[in-house]
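Student: Need the 3D shape of this:
(chains A, B, C and D)
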There are 4 protein chains.
Amino acid sequence: MCAPFFGHSVVLDLSADFRIQDPALFEASYNTAPPRPDLLDTAVYGLSEINHEQIKSADLIAVPGCYPTATLLPLIPPAAAGLVRGTAVVNALSGISGAGRKAKIELLYVERTENLAPYLPGATHRHWGEIKQGLDHSGTELDLVFTPHLVPVKQGMLVTTVIDLSPGATADTVRESLQQAYAGKPCIHLLHNTLPETRMVRGTNRCVIALQEDRGRLMLFSAIDNLIKGAAGQAVQNMNIRFGLPETCGLPLSGEV
Amino acid sequence: MCAPFFGHSVVLDLSADFRIQDPALFEASYNTAPPRPDLLDTAVYGLSEINHEQIKSADLIAVPGCYPTATLLPLIPPAAAGLVRGTAVVNALSGISGAGRKAKIELLYVERTENLAPYLPGATHRHWGEIKQGLDHSGTELDLVFTPHLVPVKQGMLVTTVIDLSPGATADTVRESLQQAYAGKPCIHLLHNTLPETRMVRGTNRCVIALQEDRGRLMLFSAIDNLIKGAAGQAVQNMNIRFGLPETCGLPLSGEV
Amino acid sequence: MCAPFFGHSVVLDLSADFRIQDPALFEASYNTAPPRPDLLDTAVYGLSEINHEQIKSADLIAVPGCYPTATLLPLIPPAAAGLVRGTAVVNALSGISGAGRKAKIELLYVERTENLAPYLPGATHRHWGEIKQGLDHSGTELDLVFTPHLVPVKQGMLVTTVIDLSPGATADTVRESLQQAYAGKPCIHLLHNTLPETRMVRGTNRCVIALQEDRGRLMLFSAIDNLIKGAAGQAVQNMNIRFGLPETCGLPLSGEV
Amino acid sequence: MCAPFFGHSVVLDLSADFRIQDPALFEASYNTAPPRPDLLDTAVYGLSEINHEQIKSADLIAVPGCYPTATLLPLIPPAAAGLVRGTAVVNALSGISGAGRKAKIELLYVERTENLAPYLPGATHRHWGEIKQGLDHSGTELDLVFTPHLVPVKQGMLVTTVIDLSPGATADTVRESLQQAYAGKPCIHLLHNTLPETRMVRGTNRCVIALQEDRGRLMLFSAIDNLIKGAAGQAVQNMNIRFGLPETCGLPLSGEV
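Tutor: Presented below is the predicted three-dimensional model:
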């Protein structure tokens, strides 16, 4: 069942063209209209573990950005289960490769080593809309405050999220929601009694997640390698799902020591 | 006017012994009773710009920790002015020197380079109590969620705080509160149209601050060098204030390029 | 054909106990007598590509150190062919993991980041003797000046060697000696028109080599990952050779981008 | 006493235009003719401690490059005293800022972190000619093999030189030649019983030097901050000398901890 435009091809799109399905939100995020608004409905958002069923038959897969991947994977299961409410305050740290391989002064070694910097905080970062859409699709009404930071590592992304627990929700019920959502998912690893570090996932397609309660609030921690699970690795994972291959075919799961 | 115990000496204490004045909060933070509870009332909390007047005549000055310094400097003026409310969600990034010079495996180069990690999140970090006390002293009822992270830089601390604005408060009124609080303060620099980076303050006793509004919420950004303003530099600044010397005597204000 | 002591076991020894076969040289290098001088004759020096034949039937294999591995692989073929003479001036750069995982002040992140340092130069480093022995075994009379440096990378070793060419020898004849010695060797890669960088070999069991002539002198460049080819990786390679397995079984050859 | 061309101005030139006085060597080094060959005789090579007297009255001062500064300062005194002979084998490590602030792919953080690389070895690097000229001017006939390396630090340069001792020369006589040459020189520091590390000089205009004998050969070690003593810092030092100011006026001598 292929869309006429693609003939019998399946497209895995690593660009942002089909990541946001609401044209208005797209334009707010990218300061330009979506290039092919007619295809937005066809596109499936390729967050592999969350949209596994739709990816199976999709012919146009929008591979998510790194910040949305790392943020949404721990947050969607408790959000969809109604265990959290209010505003997700998301702080993210990204390695320099997250900005791409461009000959820019601000990406030089000398500019970035021994330097910590926030950038494009709030709703001004283009990934804000993509994360917000992911939360909206989970069926809840959560707001989002998002602050990315650039820190001197080559690769790796660490996300810390704080959000209010719904009445009756606890760390245990959140943990259950994550265990249920990710049972049998080979690229998600839920930690016990320890917190994510980016070296746990370096060179792999994995996302490690931990959670903690803080006096009525939930703290979520997640780490990915922005060059793998946050980029082409997830594209390969989606391709595997789409064509019935083993989900982790060709993908590294165990990183360096 | 000296406390009898100290004779004619003035003590600048870089340890945590007198940082927290409520014995119960001290014990919750450090798992031990304060060593000299009889002196807690005498001690002045040496956050130089905030407690300038008390420091002038103090004989026991508790020099603040690095996280509280970087967090409280941007937050106390709007808090004291009633411009913010609810919960301060504080995310902090610290260079490795923040952990001290100890021969520990987890501080080795090989463990920390190319690695990002949160640690002791929530109310479990001992600086939580010190920051909370600072907010309480500002006369407001703010809650605090605090998450420190260890990132691979030698020195430098970056703090990002998200908190709800009070009705009627705006980025402008917050900016005014900061300008008023820090007028003529040589170690505080309020940025316009740019965000703090730790290299702005490396090797200096300065704190750079920026702020931004995000749909009804306030985002505060601050950076210090944890080895100077976050440690002995602030002790020297307090000494200068105490003895009537120029406040920045002996302190570097302009850092490296 | 097993030595009585080992019964039917094969020992791959990652320590230095059997790396140096001359007891006097051992003692000069380690300030202690060899622990089992009776076994020194039995031990085979496990520089995989050079001693491939002896390793096939060895029951006690002394796995080489990282500096000797990176230095000897490019140098032994031209030395054995008589193409070089005089003194090999060897400058080596090592990542911090080369010093092992010990809780020492001098290995802390804060001590090593943004810092370059030579250490134990000349014949005082314990690897001097091991490299000298390797040169002696190649049948030539070369002297050795060896200077290791500690530089802020986690893993990786780069060696630059300068030595006089013998009369009639050229870059071409040296290249031929290397091509002949390493034909069909899967872990050695001889570069053309480019120089080794440690990222070429990170996470792999490979050694990349380049050479250049400079007005009658030979310059050799080599890079390994001290954690793999410079340590346990070469032990696995030797095990594979010893037991008739494919030489690279279980060993990574293609590193990270 | 000013050259007519400059009127009453004194020019401190940080470019390479006047560093090499032999037009043929200039052209071999830079693949272009010197822009003003008529002024080459007028220019004084601004290696502050070596050419102090000429700098006092110079109107055109060619400020040296970073590699020549770090290499020549330890080597010229023993060379001028005839204590060394043969070929100086120089290995140099440079921080990334040594390449200048250019938006080039090869200078990106991601390209350089965790990576070690030699570049332009032998007589192909443009600083080879400048160093060779410095040795020639010391009155000796020394050859030079020069290998620069790029290593992941922001700033700092470390040079290791190996050269044969002349008959009768020892580490002691070399030390004496250095002590004599640099007596009263505030920017040179000769170490005893320890080796240079670049952190010793970071942020300063100093050069630290150490030496060691290795069985008839001399090993010289030196470190500078390529951004200060290796660049504009030395220009300021020359300006001070030229105008009779205290030599270290405006120059940092004590670096960061």
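Student: what about A:Met239, neighbour count?
Tutor: By the criterion of other CB atoms under 10 Å in any protein chain shown, A:Met239 has 18 neighbours. Bear in mind the C-beta positions are built from the backbone N, C-alpha and C, glycine included.
Student: so who does it touch?
Tutor: Remark: with contacts taken as CB atoms under 8 Å, 6 or more residues apart in numbering or on different chains, A:Met239 is in contact with A:10, A:12, A:245.
Student: From the contact counts, what lies against the helix or strand hosting the second one?
Tutor: Applying DSSP states H and E as the criterion places A:Leu12 in strand A:11-13. Judged by 3 or more CB pairs under 8 Å, 6 or more residues apart in numbering or on different chains; DSSP states H and E, strand A:11-13 is in contact with strand A:60-62, helix A:232-242.
Student: Check which element follows the first one along the chain.
Tutor: Yep, that's strand A:60-62 we're talking about. In N-to-C order, the element after strand A:60-62 by DSSP H and E is helix A:66-80.
Student: name the helices or strands packed onto that next one?
Tutor: Here helix A:66-80 touches strand A:84-94, helix A:126-137, strand A:143-150, strand A:157-165, helix A:171-182, strand A:207-214, strand A:217-224, going by 3+ CB pairs under 8 Å, 6+ apart.
Student: Name the residues of it that are buried.
Tutor: A:66-80 (16 or more other CB atoms under 10 Å in any protein chain shown).
Student: now, which of these sits nearest A:Ile209?
Tutor: A:Ile209 lies nearest to A:Pro74 out of the buried residues of helix A:66-80, by CB to CB, at 4.5 Å.
Student: about what we covered before: can you list the helices and strands packed on strand A:11-13 in a markdown table and add mean pLDDT?
Tutor: As requested, the helices and strands packed on strand A:11-13 are exported to a markdown table (pLDDT from 0 to 100):
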| stretch | mean pLDDT |
| --- | --- |
| strand A:60-62 | 98 |
| helix A:232-242 | 97 |
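Student: highest average neighbour count across the ones you listed?
Tutor: The highest average neighbour count among those, using mean count of other CB atoms under 10 Å in any protein chain shown, belongs to strand A:60-62 at a mean of 25.
Student: For that one, which strands pair with it and how are they oriented?
Tutor: strand A:11-13 (parallel), strand A:44-45 (parallel) (DSSP bridges).
Student: Count the neighbours of A:Thr32 for me.
Tutor: A:Thr32 has 8 nearby residues by other CB under 10 Å.
Student: and if you look at A:Ala88?
Tutor: 23.
Student: From A:Arg217, how far out is A:Gln180?
Tutor: According to CB to CB, to the nearest Å, A:Gln180 stands 22 Å off from A:Arg217.
Student: same thing with A:Ile105?
Tutor: 40 Å.
Student: now swap in A:Leu116 and tell me
Tutor: Taking CB to CB, one finds A:Leu116 at 25 Å from A:Arg217.
Student: quick one: which of the two has more around it?
Tutor: Set A:Leu116 next to A:Arg217 and count neighbours by other CB under 10 Å: A:Leu116 wins out with 25 against 19.
Student: Phi first, then psi, for that one.
Tutor: phi -120, psi 130 (degrees, to the nearest 10).
Student: near chain B at all, stretch A:163-174?
Tutor: No - legend: contact between stretch A:163-174 and chain B by CB under 8 Å from any CB of the partner chain is lacking; minimum distance shown is 8.7 Å.
Student: how about that stretch: buried residues?
Tutor: For stretch A:163-174, by 16+ other CB under 10 Å, it's A:163-166, A:169, A:174.
Student: ok, now stretch A:117-132?
Tutor: Neighbour-count burial for stretch A:117-132 [16+ other CB under 10 Å]: A:117-118, A:121-123, A:125-132.
Student: gap between it and the chain center?
Tutor: Centroid separation between stretch A:117-132 and its chain, computed with CA atoms, centre = their mean, to the nearest Å, is 13 Å.
Student: now what about that stretch, what contacts it?
Tutor: A:16, A:19-20, A:25-26, A:28-30, A:64-65, A:67-68, A:71-72, A:90, A:144-150, B:158, B:160, B:195-198, B:212-215, B:219, B:221.
Student: Going through the residues you listed, which ones are buried?
Tutor: A:16, A:19-20, A:25-26, A:29-30, A:64-65, A:67-68, A:71-72, A:90, A:144-150, B:158, B:160, B:195-198, B:212, B:214, B:219, B:221.
Student: so who does the most centrally placed residue in chain A touch?
Tutor: Using CA atoms, centre = their mean, the residue of chain A that lies closest to the mean C-alpha position is A:Thr69, 0.8 Å off. Neighbouring residues of A:Thr69 by CB under 8 Å, 6+ apart: A:47, A:207, A:224, A:229-230, A:234.
Student: 7 Å instead, please
Tutor: Listed by CB atoms under 7 Å, 6 or more residues apart in numbering or on different chains, the contact partners of A:Thr69 are A:47, A:224, A:229-230, A:234.
Student: And chain A, split by domain according to the record?
Tutor: If you go by automatic domain parsing, the domain ranges for chain A are A:4-64+A:232-242, A:66-224.
Student: Is stretch A:205-222 in proximity to chain B?
Tutor: Yes - applying CB under 7 Å from any CB of the partner chain, one finds stretch A:205-222 touching chain B at A:212, A:214-215, A:217, A:219, A:221.
Student: so which pair among those is furthest apart in space?
Tutor: A:Arg215 and A:Phe221 (17.1 Å).
Student: what residues does chain A put near chain B?
Tutor: With CB under 7 Å from any CB as the criterion, chain A meets chain B at residues A:89, A:91, A:93, A:114-119, A:121-123, A:145, A:147, A:149, A:151-154, A:156, A:158, A:160, A:162, A:195, A:197-199, A:212, A:214-215, A:217, A:219, A:221.
Student: In contact with the residue in the stretch 151-257 of chain A that chain B sits nearest to: list those residues for me.
Tutor: At 3.6 Å from chain B, A:Asp214 is the closest residue in the stretch 151-257 of chain A, using CB to the nearest CB. The contact partners of A:Asp214, by CB under 7 Å, 6+ apart, come to B:122-123, B:145.
Student: Other residues contacting the helix or strand in which A:Ala28 is found?
Tutor: Applying DSSP H and E as the criterion places A:Ala28 in helix A:23-30. Residues outside helix A:23-30 that contact it (CB under 7 Å, 6+ apart): A:16, A:20, A:33-34, A:37, A:40, A:126, A:129, A:133.
Student: Ok, stretch A:170-177 next?
Tutor: A:77-78, A:81, A:83, A:211-213, A:218.
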